[in-house]
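# Turn this into a structure:
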Amino acid sequence: MKLLIAGGAGYLGSALIPKLLDRGYKVDVVDLFWFGNHLPPHAGILSKDIFQLSEEDLQPYDQVIFLAGLSNDPMAEYSPHKNFIFNAAAPAYLAYMSKIAKVKRFIYASSCSVYGYTENELYDESRSVGSMYPYGISKLQGEQAAIQLIDKTFSVIALRKGTISGFSPRMRFDLIINTMFKNAMKNRTITINNPSIWRPILSIEDAVTAYVRAVEASYGISGIFNIASGNYTVGEVGDDVRAAIEDRMSVRVNLCIKHLQDFRNYKVTIEKAQNVLSFHPTGNVKSIVGNLIDNIGKYEGWDNPAYSNIECFRALESGIDIHEMAVAGAR
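Down below sits the predicted model:
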């Protein structure tokens, strides 16, 4: 099977692609390489912009996976127009061209952010969505554009993922558990802005497994699937991160609890993914922290701007090569 992964050089793709190659798939990547290139040498590179991909370019592929776009609220709010281009128009175009090229399946990286702010309810995929902010809106638009193309010859699977954390060759420290880990190790303090807010958390290993299950599902399967390792309040996440660090690293970590308003609050059920995709997560907050500790020698500096998507994006907008800056700072 031959796969094309749009945005495959990012945080998730850099962890997913080695797993797909290990399973014997041929993998090509189309990417702008905003965050550098941490891919295995035997991953292919298709040197085109997504909007330049033609029917002929896509015909060799059995499946296309869309991981591209702006990946969080700060990036979307910094540049709303690029957010809607990359998160809504790009997947719509690529899904359409994939169908024209007779690709069998399109897998879209959606997000639980589409649920917006909910009260104390467990949401499944049939529930109404209500994000009022650029990132969540754009992810829903991309999802809807792809889903409406489903027919008996074209499968579409949209994975509404919780917040991913854990180690990746393309590291990030702007994700909830990764950020808490960084601050605990650097400052010996974890700041919790609102302990009562709910989040679905997803270990990067479970995220990789979800995409493998989607790739290997019967072509008769299509639809939207919630993907998470578990639901936690942010206060509980902070407690578990602190406990895991203190247990493994023998250091004392303080908590700084605030009560700031947050516009995202949701928890989800993954029953559909369990029953249809055979997705059975094994990660939790403490295992994610363990994964970060086990790989602590593989990243350089807690404040390396290359580990923050918004810092990379701002630098790119200003014409700054952030990766050269990072290399220079490490010397």
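# would you list every one of the helices in this protein?
Applying DSSP state H to the chain gives helices spanning 13-22, 55-58, 73-78, 80-84, 90-100, 134-147, 176-187, 204-215, 234-249, 271-276, 285-294, 309-317, 322-330.
# count of residues packed around the closest residue to Ser111 other than its chain neighbours?
Spatial nearest neighbour of Ser111, chain neighbours left out: Lys139 (4.7 Å); criterion: CB to CB, 6 or more residues apart in numbering. Glycine gets a C-beta too; all of them are placed from N, C-alpha and C. For Lys139, the count of nearby residues is 30 (other CB atoms under 10 Å).
# Please identify which of the helices of the chain is closest to Ser165.
helix 176-187 (3.5 Å; CB to CB).
# List the neighbours of the closest one that are in contact with it.
With contact meaning CB atoms under 8 Å, 6 or more residues apart in numbering, helix 176-187 is reached by 163, 165-166, 172-173, 189-191, 199, 201, 234, 237-238, 241-242, 245, 249, 253, 285, 288-289, 292, 302-303.
# you'd agree Pro280 is up against Gln274?
Let me fix one detail, which is that residue 280 is His and not Pro. Yes - contact criterion CB atoms under 8 Å: His280 and Gln274 qualify, at 6.1 Å.
# Those two: which is more packed in?
Using other CB under 10 Å, the more surrounded residue of His280 and Gln274 is Gln274, with 14 against 11.
# List the contacts of the more buried one.
Gln274 sits next to His280 when contact means CB under 8 Å, 6+ apart.
# again, 10 Å this time
Phe225, Asn226, His280, Pro281 (CB atoms under 10 Å, 6 or more residues apart in numbering).
# Which residue, other than its chain neighbours, is closest to the first one?
In other words, Phe225. Using CB to CB, 6+ apart, the closest residue to Phe225 is Ala273 (4.2 Å).
# Over to the second one?
In space, Asn226 comes closest to Val268 once its chain neighbours are excluded; the distance is 4.2 Å by CB to CB, 6+ apart.
# Name the residues linked to that neighbour by a beta bridge.
Per DSSP bridges, the residues bridged to Val268 are Tyr123.
# what's it in contact with, if anything?
Taking CB under 10 Å, 6+ apart, we find Val268 in contact with 112, 115, 118, 121-125, 127, 160-162, 198-200, 226-228, 231.
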